[in-house]
Every structure is written in structure tokens, then in C-alpha cells.
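> I'd like to go over a predicted model; first the sequence, then the structure.
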Amino acid sequence: MGWLIDRVGRAVARYLERPANGYEPFTPSDPDALRAALKPGDVLLIEGNNHISGVIKYLTQSTWSHAALYVGAVAGKGTAEGEAHVLIEANIEDGVVSVPLSKYHQYHTRVCRPVGLSKRDCAKVCAYAVERIGLDYDLKNITDLMRYLMPLPVPQRWRRRMMALGSGDPTRLICSALIAQAFEAVRYPILPKITRIESRAARRDILEIRHSSLYAPRDFDISPYFSVVKPTIENGFDYKALHWADLPRRNGEADEADALPESLEQPDVTLVPENAA
């Protein structure tokens, strides 16, 4: 009987991870700018294109359905083409794995960076995630998977609970839970519960860490303790250097750029990288 339940669980997982038809990124990332901007400890949010992504985006009312932690090159992990694995993520079918950045070149992404995280604690956060490579999602407990096949809509007060998978077993992780636990290991806040103490003598707030299973990818975006990094403007941005499709440059036409000294000229760039498609 156990083998049957396991096969059913894997079939459901494969369906949920299957790409949905008609996905187009709102705006694809610039691969080179993204690679140059990322630092260890950054959380990369992804607008996914599979069946479970659509459900997560609905339940969280957010663009983001998946999250990965940038840790830098993972020792002994890489692609056949020689690209290093630099992201740690967790998904239902594969569990916790390392992947290359190129996996998400075609997707709309956002970089969220913990503010003021010390180098020592950053190293601990990254090590926590790397050490959990290989942990699985328990496919025998398919009730966690089946909830994503429930008809929509879902009442708003239940949506957050729909995101909570499992019963706290440390060997069963989803993407946002893995990252939340890594930051929890160094007591770095994401969206802590705040209990306000009122008295005549004192007024103070006490922070309490939420259970990791209740975190969603969008929480890193709306957290007051993470900054949003825009890769395309991190290393300088000149709007005058953009080449607009509806304003082609005519042969022999002079403009402001032509009058600049050669040392100050900026090469034309497109708004969307040519290799984004």
C-alpha cells in the first residue's frame, strides 16, 4: 500500500510542477546585471510558470510564487557546461537542491537583501541552506499536495493557512520555509509577530518569530527588514543610452550623444535583453 501512496504523491507533484501554458514574464531580468548584483544572503523571488505557482500567487495575492537563496558557488555542484550552482531552493518534486542562476534567466525576478546582516551571520545563513541539500518532501503525505488541487476561490482568512505545509518535520521543506529557517538560525527577522506591551511605566514591542511554514515568497518583498535591489540600476543607469523601438536612429542624424567626447559615449542598450526570449 505504501508504494501506491508514494506513486500517487509523485504523480500529483509532477502535475503541480508542470509548466502552465501561455506564460509570459511581465519583464524578464537582465542576466548579466542580475549576476553582477547578487550577493550571498540575497533572496531571489521568482514569478513561476507552473501549476502550483498560479495557486500560490492567488493565495498570497502576489507576483511571486517561488524563492531561492543566493549563496555563491556551491562546492562540487555545477552544470555539464561548467556553470556553478549558486542558488539553494526547495521544491515539491526534488526537495532541497542547488541550481545555477541561468535557470531563472527567462523569468521575472526580484532581489531582496537583508539589511545590516553581519558577514558572520550571512555565512551561517548560507551554510544552513547548503547543509540541507538532499532533504526531501515526504510524498507519502499527499494531503499537503492535494490541497493545491482544491477549487478556487478560497476565503481570504484561510489563504495563509493554505500555504502551511507539513507538521514541522525538519526534513520536509518548501522554498520559503527553508529560507525562513536559515534566517531564523541567526535571529534575523522577516515578518515577526509583534506583541505590544502597554503599561504606565513602560511601552515596548516584543517580537516573536512566526512558524517557518507560514511564510510565503512575497513576505521577503514586503518585509521592512529586506531592501529591494534593482539589478539594472545597481551599477549605473543612463536613460539617454536606451534605444527605443519606436524611435529608430536615422543614418547621419546627429543627436546629443554624437556631440559627446568619445571617452564619454555610452553604447546603446535595449530595454529588454535580446536573449530574454
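Right, received. Where do you want to start?
> count of residues packed around Asp136?
14 (other Cβ atoms under 10 Å). Where C-beta positions appear, they are placed from N, C-alpha and C, glycine not excepted.
> strands of this protein, start to end?
Along the chain, the segments classed as strands by DSSP state E run 43-46, 66-70, 87-91, 95-99, 109-114, 193-198, 203-208, 226-229.
> between strand 66-70 and the fifth one, find me the angle.
Between strand 109-114 and strand 66-70, the angle comes out at 50 degrees (axes from the mean of the first three to the mean of the last three Cα atoms, to 10 degrees).
> over to the fourth one?
Between strand 95-99 and strand 66-70, the angle formed by their directions is 60 degrees, by the same axes, to 10 degrees.
> which of the strands of the chain has the lowest mean pLDDT?
Averaged per stretch, pLDDT over those is lowest on strand 203-208, reaching a mean of 62.
> could you export the strands of the chain as a markdown table, including distance to Tyr128 and mean neighbour count?
Shown next, in a markdown table, are these (distance: least, Cβ to Cβ, whole Å; neighbours: other Cβ atoms under 10 Å):
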| stretch | distance to Tyr128 | mean neighbour count |
| --- | --- | --- |
| strand 43-46 | 13 | 26 |
| strand 66-70 | 9 | 25 |
| strand 87-91 | 9 | 24 |
| strand 95-99 | 11 | 20 |
| strand 109-114 | 13 | 22 |
| strand 193-198 | 22 | 9 |
| strand 203-208 | 20 | 9 |
| strand 226-229 | 17 | 16 |
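> redo those as a markdown table? Include distance to Ala11.
Formatted as a markdown table, those follow (distance: least, Cβ to Cβ, whole Å):
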| stretch | distance to Ala11 |
| --- | --- |
| strand 43-46 | 24 |
| strand 66-70 | 21 |
| strand 87-91 | 16 |
| strand 95-99 | 17 |
| strand 109-114 | 30 |
| strand 193-198 | 37 |
| strand 203-208 | 39 |
| strand 226-229 | 36 |
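> out of these, nearest to Pro248?
Among the strands of the chain, the nearest to Pro248 by Cβ to Cβ is strand 109-114 (29.8 Å).
> what stretches of the stretch 1-150 of the chain score poorly on pLDDT?
Within the stretch 1-150 of the chain, the stretches with pLDDT under 70 are 1-6, 8-10, 12-17, 19-26, 28, 50-60, 137-150.
> if we use 50, what do you get?
Scanning the stretch 1-150 of the chain for pLDDT under 50 picks out no residues.
> thinking again about what came up before, closest one to Trp244 among the strands of the chain?
Closest to Trp244 of the strands of the chain, according to Cβ to Cβ: strand 109-114, at 23.9 Å.
> give me the sheet partners of that closest one and which way each runs.
Strand 109-114 has the following sheet partners, assigned by DSSP bridges: strand 43-46 (antiparallel), strand 226-229 (antiparallel).
> brilliant, that's me finished.
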